[in-house]
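> Could you work out the structure for the sequence below:
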Amino acid sequence: MGATSGIGRCALDEAVRRGLPVRAFARSADSLDATDLVEPFKGDATSAEDVARALSGAQAVVYALGITERLAMLWDEETLFSETTRVLLEAMATSDVSRLVVVTGFGAGRSKSAMSWVEKTGHRAILGKPYADKDRQEDLIMASAADWTIARPVILTKGARTETYRVLRDPKTWRNGLISRASVAHYLIDAVEQGLDFKADVVLTR
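As a prediction, this is how the structure comes out:
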């Protein structure tokens, strides 16, 4: 899901690098080339019918949906994250797919308490509306029956893929920092392949 977004595209590339088949679900999936490993699947993440069709035959879901940054997000209420997650969880509940790895962000959910006062103030001023919806999204996930993992990357960069990033599992160690989208993608595919961090929320940083 979200296969043409920044992290989503990196996760697609990471899966293909490992020889794993991917069904790339996104509104803009028709911009992707179909290969032996990549099945572009054009659909709307708010459509229960589209999501149910995309889940058929899948083994796991990596949710990496993003939004386009715009000035109006300073004041417009955001509902896309919680709405699409609700649709997805309802579809998963009636499917054979239970594994769900979701990207939110540092400052969402429980990780908000790990931010300094200065970080919270700036974060709230610029990203308050989207992250309020990410909070709702995380609540839905944690209350679900899915075998979920919530991955919260810190500030994203266009840097190189590395396997030496840190997965901070203890809330006492959570902190801000930098991490490349490609490194986040490496963790997402590891989480699916290796069954990492079931029913857990982690912070990813360099």
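> List the buried residues for the top helix by length along the chain?
In terms of residue count, the longest helix belonging to the chain (DSSP state H) is helix 117-142. Judged by neighbour count (16 or more other Cβ atoms under 10 Å), helix 117-142 contains these buried residues: 123, 127, 129-138, 140-141. Placement of C-beta: from N, CA and C, glycine included.
> Likewise for stretch 174-194?
Those would be 174-176, 179-192, for stretch 174-194 by 16+ other Cβ under 10 Å.
> Helices of the chain, start to end?
Secondary structure of the chain (DSSP H): helices at 6-17, 48-55, 80-93, 117-142, 181-194.
> Nearest to Arg161, out of those helices?
Proximity of these to Arg161 was assessed by Cβ to Cβ; the nearest stretch is helix 181-194, lying at 3.5 Å.
> which other helices and strands contact that closest one?
In terms of contact count using 3 or more Cβ pairs under 8 Å, 6 or more residues apart in numbering; DSSP states H and E, helix 181-194 is assigned the packing partners helix 6-17, strand 60-63, strand 99-103, strand 147-153, strand 155-157, strand 200-205.
> Distance to Asp76 and mean pLDDT for these - can I get that in TSV?
As requested, the helices and strands packed on helix 181-194 are exported to TSV (distance: least, Cβ to Cβ, whole Å; pLDDT from 0 to 100):
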stretch	distance to Asp76	mean pLDDT
helix 6-17	21	96
strand 60-63	22	98
strand 99-103	22	98
strand 147-153	23	98
strand 155-157	22	95
strand 200-205	27	98
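> mind putting the ones you listed in JSON lines, distance to Phe81 included?
Putting those into JSON lines (distance: least, Cβ to Cβ, whole Å) gives the following:
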{"stretch": "helix 6-17", "distance to Phe81": "14"}
{"stretch": "strand 60-63", "distance to Phe81": "9"}
{"stretch": "strand 99-103", "distance to Phe81": "9"}
{"stretch": "strand 147-153", "distance to Phe81": "12"}
{"stretch": "strand 155-157", "distance to Phe81": "16"}
{"stretch": "strand 200-205", "distance to Phe81": "15"}
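> got CSV for the ones you listed, with mean neighbour count and distance to Tyr165 too?
As requested, those are arranged in CSV below (neighbours: other Cβ atoms under 10 Å; distance: least, Cβ to Cβ, whole Å):
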stretch, mean neighbour count, distance to Tyr165
helix 6-17, 21, 13
strand 60-63, 24, 17
strand 99-103, 24, 14
strand 147-153, 24, 9
strand 155-157, 15, 11
strand 200-205, 21, 6
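> closest one to Glu83 among those?
Taking Cβ to Cβ as the criterion, strand 60-63 is the member of those that comes nearest to Glu83, at 12.6 Å.
> Neighbouring strands of the closest one in the sheet, and parallel or not?
With DSSP bridges as the test, strand 60-63 is paired with strand 99-103 (parallel).
> From Gln194, how far off is Arg99?
Relative to Gln194, Arg99 is positioned 11 Å away (Cβ to Cβ, to the nearest Å).
> now swap in Ser98 and tell me
Distance, Ser98 to Gln194, by Cβ to Cβ: 16 Å.
> Ok, Tyr187 next?
Tyr187 is 10 Å from Gln194, where distance means Cβ to Cβ.
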